[in-house]
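quick one: sequence plus predicted model below, questions after.
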Protein chains: 6
Amino acid sequence: MENYSFDYFTVQFPADHQYVAHVEINRPERLNAFIEVMWENMAQIFNKLSSDPQVRAIVLSGAGAKAFTAGLDVKAASEGLLSSDSDNTDPARKAAVFRRHISAFQDCITAVERCEKPVVVALHGFSLGLGIDLSTATDVRLCSRDTRFGVKEVDIGLAADIGTLSRLPKVVGNYGWVKEVALTAREFGAEEALRVGFVNEVYDNREATIAAAFKLASLMASKSPVAVQGTKEILNFSRDHSVQDGLRYTSVWNSAALQTQDISAALLSGLQRRTPTFEKL
Amino acid sequence: MENYSFDYFTVQFPADHQYVAHVEINRPERLNAFIEVMWENMAQIFNKLSSDPQVRAIVLSGAGAKAFTAGLDVKAASEGLLSSDSDNTDPARKAAVFRRHISAFQDCITAVERCEKPVVVALHGFSLGLGIDLSTATDVRLCSRDTRFGVKEVDIGLAADIGTLSRLPKVVGNYGWVKEVALTAREFGAEEALRVGFVNEVYDNREATIAAAFKLASLMASKSPVAVQGTKEILNFSRDHSVQDGLRYTSVWNSAALQTQDISAALLSGLQRRTPTFEKL
Amino acid sequence: MENYSFDYFTVQFPADHQYVAHVEINRPERLNAFIEVMWENMAQIFNKLSSDPQVRAIVLSGAGAKAFTAGLDVKAASEGLLSSDSDNTDPARKAAVFRRHISAFQDCITAVERCEKPVVVALHGFSLGLGIDLSTATDVRLCSRDTRFGVKEVDIGLAADIGTLSRLPKVVGNYGWVKEVALTAREFGAEEALRVGFVNEVYDNREATIAAAFKLASLMASKSPVAVQGTKEILNFSRDHSVQDGLRYTSVWNSAALQTQDISAALLSGLQRRTPTFEKL
Amino acid sequence: MENYSFDYFTVQFPADHQYVAHVEINRPERLNAFIEVMWENMAQIFNKLSSDPQVRAIVLSGAGAKAFTAGLDVKAASEGLLSSDSDNTDPARKAAVFRRHISAFQDCITAVERCEKPVVVALHGFSLGLGIDLSTATDVRLCSRDTRFGVKEVDIGLAADIGTLSRLPKVVGNYGWVKEVALTAREFGAEEALRVGFVNEVYDNREATIAAAFKLASLMASKSPVAVQGTKEILNFSRDHSVQDGLRYTSVWNSAALQTQDISAALLSGLQRRTPTFEKL
Amino acid sequence: MENYSFDYFTVQFPADHQYVAHVEINRPERLNAFIEVMWENMAQIFNKLSSDPQVRAIVLSGAGAKAFTAGLDVKAASEGLLSSDSDNTDPARKAAVFRRHISAFQDCITAVERCEKPVVVALHGFSLGLGIDLSTATDVRLCSRDTRFGVKEVDIGLAADIGTLSRLPKVVGNYGWVKEVALTAREFGAEEALRVGFVNEVYDNREATIAAAFKLASLMASKSPVAVQGTKEILNFSRDHSVQDGLRYTSVWNSAALQTQDISAALLSGLQRRTPTFEKL
Amino acid sequence: MENYSFDYFTVQFPADHQYVAHVEINRPERLNAFIEVMWENMAQIFNKLSSDPQVRAIVLSGAGAKAFTAGLDVKAASEGLLSSDSDNTDPARKAAVFRRHISAFQDCITAVERCEKPVVVALHGFSLGLGIDLSTATDVRLCSRDTRFGVKEVDIGLAADIGTLSRLPKVVGNYGWVKEVALTAREFGAEEALRVGFVNEVYDNREATIAAAFKLASLMASKSPVAVQGTKEILNFSRDHSVQDGLRYTSVWNSAALQTQDISAALLSGLQRRTPTFEKL
């Protein structure tokens, strides 16, 4: 497949990792800080990959040695999104403008969660603010030893509003720790992130982390895409519903999925101890 | 009480563990792999124990040295449940058949969760696929050092559909780890299971694990059954509801439960430093 | 600000911890065991602090060397709340009385959770029964090495009904461990509490724990109160709702909050490397 | 198909109404009042019909001129279910017994709602208490002019507990009217039932009502069973979920259902202006 | 019982209506328009009646010939609650003040809904704005022919925020009509209110409406209070939950309630064709 | 404002109806039947109007004398969306394609519901299938006497999947009627639609209906847009949430909205008996 790029993002399909796409945030001169066009582009990329039959798993990383992303580009935001200047002087009308912006921004982050293919994120360096929001919308988080995490929003006078406060507690399953880091904005490192379960594993440096992410994504990409995409969807559904609702949804989902030829392909390959191949999805 | 057995299951009432029932999966020659009659029998057993006044806690284990259960008997399933042959050629009608089967199968696993008495499971050896589904429906999981866990379903081309994807994340409270093991089907061992909170404790071997399970179940069985069964029910309800709904349900539940004579029995025994006895429930 | 006290509680405003209130349970001669007037007073205190513009964070602790609180004063309760004597002989009418009492009691504990300012609890010594209910309603839990925790309710014949069973699993995110400690009433110590994520940190003794709690509360109090109070509220809302509902609520909340002058104050202070000051809230 | 009967129920397959089953409550000498074996049998019947490929719609009615059903057989219940005599003297243990009974009874009524085929109920004469619970679990209610409806439970000192209070408001969509009839136990007639939307139509007498029920059920039975059963299931799901959840469930359900050959059969028949035939389901 | 009064409210216990309390809004010189002290007093009254064993049903009405209530006293509100003047100039801080006020106001209206005894409201004359919010929190609405209803809030530039928008659609079950009257603020009369199910019945004038309300409340008060209060609570719970959750809550509620002696009292009175008497609740 | 058009849609801004947009489906030669580009265009139009400050209310109608819309263009769909031909032969992969299509189609209909401005639909002639899905996503439905309604999907072998089954029951609040018309596909007329509350009013012909829709939309457009848009949003939110959640959301929403200058503008205009003017939103 041909690689392509959007402003501040590259999308590559490494030859040695079949069915794996590599999305990289590419604004290293600004520590990959996000400006508006970036989250819009990112949503477009993940929407596109979601239905691209050549893609079965995705690695997300940040370009440059210093940062996955330093978060929102505060300077740009203070002139735009967070600007207190505006034609509106009516607080209710200002509120409407803010609400639409936040909602559109949230939808861009949610595009990563909604992407039908699993997403493994490789974190390194500064991974602050929006970097946390974004990584909680992926499926598996890996990081390098030098990663500096932080839910920094209270430090600029606001509650994190594009996903961290809704998703992080469900990712790590521990409200006490989340409250501490979110209410103080204190940074935390790779070891702490591993201990609380925010990341699944810690690696020596950026390269090793990305390599591990590719290995993990390739493993997912080698399985039946019907099984993998169903598993992601059912886990996401179950997070927000009761166990009974989760079971009911699963039974309906699998009523179609179990008709796949992947099952006999997988079973046969298992018996013959060879690698199965699966149709595109 | 008299011991009894169902096909592939034994139910025993060890004399030295008052009020504790021992349910054992008993198809060791096939690594305790499940065929359809087994989940039906298991549901019957747990429904029966649920209202048996002689029983206050239950230990669940697998017979034989090698496996708690290797999961679904794939060979049997590929000729039955997962069979792609069928009288139906209409995918919508096939879907209806699959949905009914999955739903009936889920209900059998849910019977363990709905059982009013706490269930402690002692895991060892192979504890794969259905073994994970089943153990997430129990209350406390203990395992031996040799246990090999795995959410293996994607390896046979399907999303786990009888409980793991709905219950496992709520058991361990960490979505990142669950996604990794469910999307890759990689096995994990006792230490990792302990670290993520899937099991409460690890023991040296099968015997020590079962012994510990009995000790724990006996401790639960020594408490007021009104208190114990209420605690299980309220915890299960709370998992699927908001805190406010949980509190409201609790107040209604305890409006009857607090009228029990167990409270004065427990308080008096406490003062007199002797073991209380409680009426059957 | 002037310190004040309610029966069995002191409320202080230490001069060296600006905007931090210190609430202390003060019935050390009875191990801070709770009688009815205490939970009513506690609710009043937290309701008052919730809207007190001089307060931005709260430390909660127990007076005396031996206990944060030994829980419900069982002796008093057995003559009152849990008394089996009553004018009513009709079980349905007794149930109504119990239900109203439980509900009123729950509301008092919930007042701590609803308090708009973050609450850090410093636990030490006996922290049993109601001590667990209460601390799960706070935001961050710290403890001293000597703390003895226990969900003791089953030992007196009842299911914990004022919050533990609804909140504890969501605090620690692990149902297996919660079921074990709630179904057996076994005590656990500081290290175990840290391992499962019930407390955020362990300190050498009561004094060190309270000092750390003040340090943490002061850090929260130094941030924008708009940001901090919004963060607490959104995290509490998100716990009980789906991610989509959490995001929607957040966008509406922040549509007003982003209009605060705290943002430009925080940004400017950041650039000037000085401590920002914020208006009261 | 062969007719069959269970105690107090007949199940018939009228030759002139293809794919329609007729279930009749058959204890006319007691105004079709229900004793325990009856609700157990009714659940069995509807479970059986749910997966019977010869059945696409069901008519439910009561035998005898006087009553659909006068409700619970209070005399039998006062010696059994509602009996205040019992071996148990402990109110908490009595509560457990009641709870299990109510829950089992509710499940029998819910079997009618869960039946995959639409159920049209023809009501006449006394349709009181349990008669309301039962008919709210069906899909469409028709009645004769002489029907006497009543949520009578408060008249015997209890809150209706097998379905009316949960389902009736969602059937009629009006809480004010439901509260009036449920809090006063006053009877209401066919015209009022029609006005509030409890029944869809009123007919002159029992025979005309049953005839109309057959006509309606036959119409449903003439449509694609894939479409009809999907429609019932999605409507039932949507009742208990948000619109967004309803839409998501629908898309998954129809991802299998749209693969049916019924669609091309229906479209072709439409063009050819003839009656389509559909495979069994 | 002795009558009593709060500012702008009278509470009476008419001798000829045993167990029925009459709450009347009493500020006729201002068309019973509400000022802050009134909703606070109203909440206190309903909280008091909720647990008053002498009261089994409540009639709510407005004093004076002209109005049940003309709604919020806009003049007072524009100087207080809705005042745009304030010490705060920060929109986020103003928002906090508004939110606390709205929330406290909502809780006062909710006190009527939470009152354990059924409330019948007799509406007449102007019943606008807050009059709709308030009456949707009662159980049954009756009105006189001259009643002028209106969801008037948009006419003063705001969305109704103390209950109408959340409760009215669930009362009448029809979103199209609610949207029309709420988005246009157009008034509607008694006949329309009857047709859409907002009121249960229309009477000739205020006196006849209040008389009918007493008759209905007395009928409710003549039934078992265990049954009546349980019925109200379960209906309120069911409105906000799925049918399955409603059934589960009902089974737990009735596990205590079915132990009441009211059932045998009611059954015996039924056989003996005399009026039962029930213990207080 | 300038009128514009999209394929098969016109968008006009009649000079005599300030702030009201008129969207018309414009494919009269095919009875306004929908092909894929139409729902995509419709979503774009409503998204655009949602944030267009010149628009405060919207009228939706169908061009031509014969139909609002005859629904899905079945011929086009049977060659596209519903086509059984496909490159995929694997039922699980076909299911994925269907699911994505349904989901995208649902989102287009939902765009009408999410549009921040109220939408009044004027129905006439054939209003079948998709015409019902679409009109349930609007706020108020008006129709002409000749309208022929029908939930026709079962007649072509499928369950309605783009909104009707999730929204229609919540619009009319009556499940019995919805089940009848959805399970039989029988048509119904204007009078029946009025009786069950599906439409708010019936008019003599298409022109009178559109005129009435404009009158109603203009009335809404004359009110404070802060109040109107808040009212729509809170009603939509409340439909899918408990009353308590609805109240909490309302208090947060209004904490910003009450700061609007529209309130004083509205109050002042009320006193001065003149029409208020409001800033754009």
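Received it, and whenever you're ready, just let me know what you need.

what sits closest to A:Glu40 if chain neighbours are left out?
Counting by C-beta to C-beta, 6 or more residues apart in numbering or on different chains, A:Glu40 lies nearest to A:Cys108, which is 6.2 Å off, once chain neighbours are set aside. Where C-beta positions appear, they are placed from N, C-alpha and C, glycine not excepted.

give me the residue from chain A nearest chain C.
When scored by C-beta to the nearest C-beta, chain A has A:Gly173 as its residue closest to chain C, at 2.5 Å.

measure that residue to B:Ser144 for me?
Separation of A:Gly173 from B:Ser144 (C-beta to C-beta, to the nearest Å) stands at 26 Å.

my guess is the residue of chain A closest to chain C contacts B:Gly173, does it?
Yes: counting by C-beta atoms under 8 Å, A:Gly173 does reach B:Gly173; the two are 2.5 Å apart.

what is in contact with the two at once?
Counting by C-beta atoms under 8 Å, 6 or more residues apart in numbering or on different chains, the residues touching both A:Gly173 and B:Gly173 are A:197, C:172-174.

before we move on, back to that, with neighbour numbers in mind, choose between A:Gly173 and B:Ser144.
A side-by-side neighbour count of A:Gly173 and B:Ser144, using other C-beta atoms under 10 Å in any protein chain shown, places A:Gly173 first with 29 against 23.

pLDDT score assigned to that one?
pLDDT for A:Gly173: 90.

after the helix or strand of chain A with the lowest mean pLDDT, which helix or strand is next? Please name it.
Of all helical and strand segments in chain A, the minimum by mean pLDDT, DSSP states H and E falls on helix A:74-79, at a mean of 84. With elements assigned by DSSP states H and E, the helix or strand that comes after helix A:74-79 is helix A:91-114.

can you name every helix or strand that the helix or strand that that following helix is followed by contacts?
Using DSSP H and E, the helix or strand that follows helix A:91-114 in sequence is strand A:119-123. Counting contacts by 3 or more C-beta pairs under 8 Å, 6 or more residues apart in numbering or on different chains; DSSP states H and E, strand A:119-123 packs against strand A:57-62, strand A:67-69, helix A:130-136, strand A:140-144, helix A:206-221.

what strands flank strand A:119-123, and is each parallel or antiparallel?
strand A:57-62 (parallel), strand A:140-144 (parallel) (DSSP bridges).

the helix or strand hosting A:Ser255 near chain E at all?
Counting by DSSP H and E, the element that carries A:Ser255 is helix A:243-257. Yes: judged by C-beta under 8 Å from any C-beta of the partner chain, helix A:243-257 and chain E are in contact via A:Gln244.

and chain C, is that helix touching that?
No: counting by C-beta under 8 Å from any C-beta, chain C has no neighbours in helix A:243-257; the shortest distance is 10.8 Å.

buried sites along that helix?
Residues of helix A:243-257 classed as buried under the neighbour-count rule (16 or more other C-beta atoms under 10 Å in any protein chain shown) are A:243, A:245-257.

what residues does the stretch 151-281 of chain A have near chain D?
Within the stretch 151-281 of chain A, the positions adjacent to chain D are A:237, A:241, A:245, A:248-249, A:252-253, A:255-256, A:259 by C-beta under 8 Å from any C-beta.

dump stretch A:14-32 to PDB, restricted to CA.
Written as PDB, here are the backbone C-alpha positions of stretch A:14-32 (Å, rounded to 0.1, in the frame of the first residue of the first chain):
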ATOM      1  CA  PRO A  14       5.600  -1.000   6.600                       C
ATOM      2  CA  ALA A  15       6.300  -3.900   4.300                       C
ATOM      3  CA  ASP A  16       7.500  -6.100   7.100                       C
ATOM      4  CA  HIS A  17       4.400  -5.800   9.200                       C
ATOM      5  CA  GLN A  18       1.500  -7.000   7.000                       C
ATOM      6  CA  TYR A  19      -1.900  -5.400   7.700                       C
ATOM      7  CA  VAL A  20      -0.400  -2.900  10.200                       C
ATOM      8  CA  ALA A  21      -0.700   0.800   9.600                       C
ATOM      9  CA  HIS A  22       1.600   3.300  11.400                       C
ATOM     10  CA  VAL A  23       0.200   6.700  12.200                       C
ATOM     11  CA  GLU A  24       2.700   9.200  13.400                       C
ATOM     12  CA  ILE A  25       2.100  12.700  14.800                       C
ATOM     13  CA  ASN A  26       4.600  14.800  13.000                       C
ATOM     14  CA  ARG A  27       5.100  18.300  14.300                       C
ATOM     15  CA  PRO A  28       8.300  17.500  16.300                       C
ATOM     16  CA  GLU A  29       9.600  21.100  16.200                       C
ATOM     17  CA  ARG A  30       6.700  22.000  18.500                       C
ATOM     18  CA  LEU A  31       6.900  18.800  20.600                       C
ATOM     19  CA  ASN A  32       3.900  17.500  18.500                       C
END
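
give me the distance from that stretch to the chain's centre.
Relative to the mean C-alpha coordinate of its chain, stretch A:14-32 is positioned 13 Å out (C-alpha atoms, centre = their mean, to the nearest Å).

also stretch A:201-218?
15 Å.

stretch A:213-221 now?
Centroid separation for stretch A:213-221 versus its chain: 15 Å, with C-alpha atoms, centre = their mean.

poorly predicted segments of the stretch 1-150 of chain A, please.
For the stretch 1-150 of chain A, the stretches with pLDDT under 70 are A:81-87.

repeat that with 80
A:1, A:78-88 (pLDDT under 80).

for whichever residue of it sits closest to chain B, which residues are in contact?
Proximity of the stretch 1-150 of chain A to chain B (C-beta to the nearest C-beta) peaks at A:Asp139, 4.5 Å away. By C-beta under 8 Å, 6+ apart, the residues touching A:Asp139 are A:118-120, A:232, B:176, B:179, B:183.

of these - the most surrounded one?
A:Val120 (29 neighbours).

wait, it sits on A:Ser135?
No: counting by C-beta under 8 Å, A:Val120 stays clear of A:Ser135, with 10.4 Å between them.
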